[in-house]
Each structure stands twice: as C-alpha cells, then as structure tokens.
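Visitor: what's the 3D shape of this:
(3 chains)
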Amino acid sequence: MGRAPCCEKMGLKRGPWTEEEDRILVAHIERHGHSNWRALPKQAGLLRCGKSCRLRWINYLRPDVKRGNFTGEEEDAIIQLHAMLGNRWSMIAAKLPGRTDNEIKNVWNTHLKKRLESCKPSGQPQAGKTGAPKRKANKPAAVPVASAAPEGPTSHPVSSPEQSLSTSSASDDSVDNTGSFSSEEFQVDESFWSETLAMTTVDSSGSGMESSGDTFGADSASPSSSNDEMDFWVRLFMQAGDLQSLSQI
DNA sequence: AAGCTTGCCAACCGCAAACGC
DNA sequence: GGCGTTTGCGGTTGGCAAGCT
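Guide: A predicted model of the protein is given here:
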C-alpha cells in the first residue's frame, strides 16, 4: 500500500477496492472470463492494473472463496503441509479448498508460526522458512530434504493429526522433545511427492482432494467434505509411513 | 479519555517461470 | 533457440482496530 507505485504512474488506481469496482470486475469475469488479465481492466472499464484485478479476484471475489476463521482441521493441515512444503503457499492452498495462498500465508505468519515457536526450544529454525527455493512451479519434487524435514526435533513433518498443535494446548510438550520423528528418520524425497501428490489427484475412488491445479478454478467443483480431507491426511500419513519403512530396508 | 502498542489482513512489489512469437 | 510479454508466487508493507497503559 505504501510503496513505490507501479500503477499510479500510468494513471491507474491503487489501494482498497470499492464495492463498485468489485461489482464491475465480477460482472466482467462472469461474462467474459479472465483469459487475459492485462487486458481485462481496460475491457471492463476499471482503472486498475491487471495484476491488481487478478489478486482481487483470487483472494476475495471468487465464488468459491471461503471466508471466516480457519477451523482447527485447516490449521492442522497448514502446519503439517508447511512442515513438508515450506513456504509454498500456493501448494498448501491447493490442498485447502476455498482458502487462498494469501490467506494461508497471513494465518501462518500471524497465528501458527507464533504458536509453533512458542512450543519449541529457542534457536530452532522454522521449517522451510529459508530452505525452500523461490518458486519452482509445479515441482513438488523439488522440496529439498532440508526443508522438508526440519532439523529440530520439535518439528514433525509428518505426524498424526492427534499430534497437531491445535489439539495439543495442554500437551505442547508432546510436540516435542521426544522426537518420534527425527530428520534422520523421516526424509521426504522427490519420489515421495510425485507419488503422494499423484495419489491425491488421480485417486480413482474419488475420495481424494481436488487436484492442485483445478481446485480453485472459478468453475471448479464445490469443496470436498471434511471427511474427504481427513481421508486425504490419513492416506498421506500412511503413505509417508510406508515410505519410511521401505527406506529402512 | 487520550496516547501508545500490538495484531490482523488486504494489497502491493519484485522476481522468476511459463508462454507465444 | 532467443527474446519479449504475461502470469503466478512469495515476501513485505501499512492502514485500521483492539487492547493496554
């Protein structure tokens, strides 16, 4: 909001969107779609840059965007995914129907990160905070082991939902120091992600979550049920467990 | 009641990948 | 294959509201 303007110099508007602008953008996208963000504002008669329109649509105006507080399950999912993926917000968002990367990023930075830090010994670096390379699009396999399996014993890249933070207010210690999963014990490699993500997208039973690419399409299906979400996590954890066993052979 | 601090979140920027010619 | 343009992503900022002194 207060940086060097990129739109202002072209006479374009910046800052908070008005209801009128929202209406115009939604109406235009409903009628013509958004094949070309750059041309869209001009066609719609908006004094905004395409980037701004895109962001507004994705983060706020899309019909499938879920508003309101995050549920415990969603927070757990974010924590787990962040432990494995690092700051790949778009990938995390793809696994949380109705949530945007921006929203997840905000929740992480304002709530979850602090919560996580408060229950780990000082000096422990945050999972994936620095390790993840910036934007390796569509390449979950690129998750470096270092970020996928945080070094501290307090982080559990893959733990059961019961171990998750939001359900452990009285047992933060359990998240803990016992280290049932150490970085040596659990390492996520490329094949893990290829297989795991493929499993979630191609799941023929139909119980998997949506594919990461289509989850948020304006015309995508409605969000999956929480049962499906739980199913996803159960499968993910089981898969992780299987791979661990195999790696020890 | 007023001033100050802190937390939240919408929106912006820069960079890099993807795309098209 | 090279180059310019567009899109998407992650990091960061700053306005506002709530809480605190």
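Visitor: contacts, neighbours, all on C-alpha from now
Guide: Will do.
Visitor: So which helix or strand of chain A has the lowest pLDDT on average?
Guide: helix A:145-148 (a mean of 34; mean pLDDT, DSSP states H and E).
Visitor: And what about A:Val65, helix, strand or coil?
Guide: coil (DSSP: H, G, I helix; E, B strand; the rest coil).
Visitor: and the nearest residue to it once chain neighbours are set aside, what are its phi and psi?
Guide: Of all residues not flanking A:Val65 in the chain, A:Gly98 sits nearest, at 4.5 Å (C-alpha to C-alpha, 6 or more residues apart in numbering). Here the main-chain torsion angles of A:Gly98 (degrees, to the nearest 10) amount to phi 90, psi -10.
Visitor: Go ahead and confirm A:Gly98 touches A:Asp64.
Guide: Yes: using C-alpha atoms under 8 Å, A:Gly98 is in contact with A:Asp64, at 5.5 Å.
Visitor: circling back to that earlier point, and the residue nearest to A:Val65, how many neighbours?
Guide: 20 (other C-alpha atoms under 10 Å).
Visitor: Distance of it relative to DNA strand C?
Guide: 14 Å (C-alpha to the nearest atom of the strand, to the nearest Å).
Visitor: pLDDT score for that residue?
Guide: Listed pLDDT for A:Gly98 reads 87.
Visitor: any idea how far A:Leu47 is from it?
Guide: Look at A:Gly98 and A:Leu47: by C-alpha to C-alpha, to the nearest Å, they are 28 Å apart.
Visitor: so A:Arg54 sits right up against A:Asn36, yeah?
Guide: No: with contact defined as C-alpha under 8 Å, A:Arg54 does not reach A:Asn36; the gap is 9.8 Å.
Visitor: which of these two has more neighbours?
Guide: A:Arg54 (19 against 10).
Visitor: and that one, what element?
Guide: Element membership of A:Arg54, judged by DSSP states H and E, is helix A:50-56.
Visitor: packing partners for that helix?
Guide: Judged by 3 or more C-alpha pairs under 8 Å, 6 or more residues apart in numbering; DSSP states H and E, helix A:50-56 is in contact with helix A:40-44.
Visitor: Pull out the buried positions in the helix it packs on.
Guide: Across helix A:40-44, burial judged by 16 or more other C-alpha atoms under 10 Å covers A:Leu40, A:Pro41, A:Ala44.
Visitor: can you list these in TSV and add pLDDT?
Guide: Below are the buried residues of helix A:40-44 laid out as TSV (pLDDT from 0 to 100):
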residue	pLDDT
A:Leu40	90
A:Pro41	89
A:Ala44	89
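Visitor: Columns distance to DNA strand C on top of those, output as JSON lines?
Guide: Shown next, in JSON lines, are the buried residues of helix A:40-44 (distance: C-alpha to the nearest atom of the strand, whole Å):
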{"residue": "A:Leu40", "distance to DNA strand C": "8"}
{"residue": "A:Pro41", "distance to DNA strand C": "10"}
{"residue": "A:Ala44", "distance to DNA strand C": "14"}
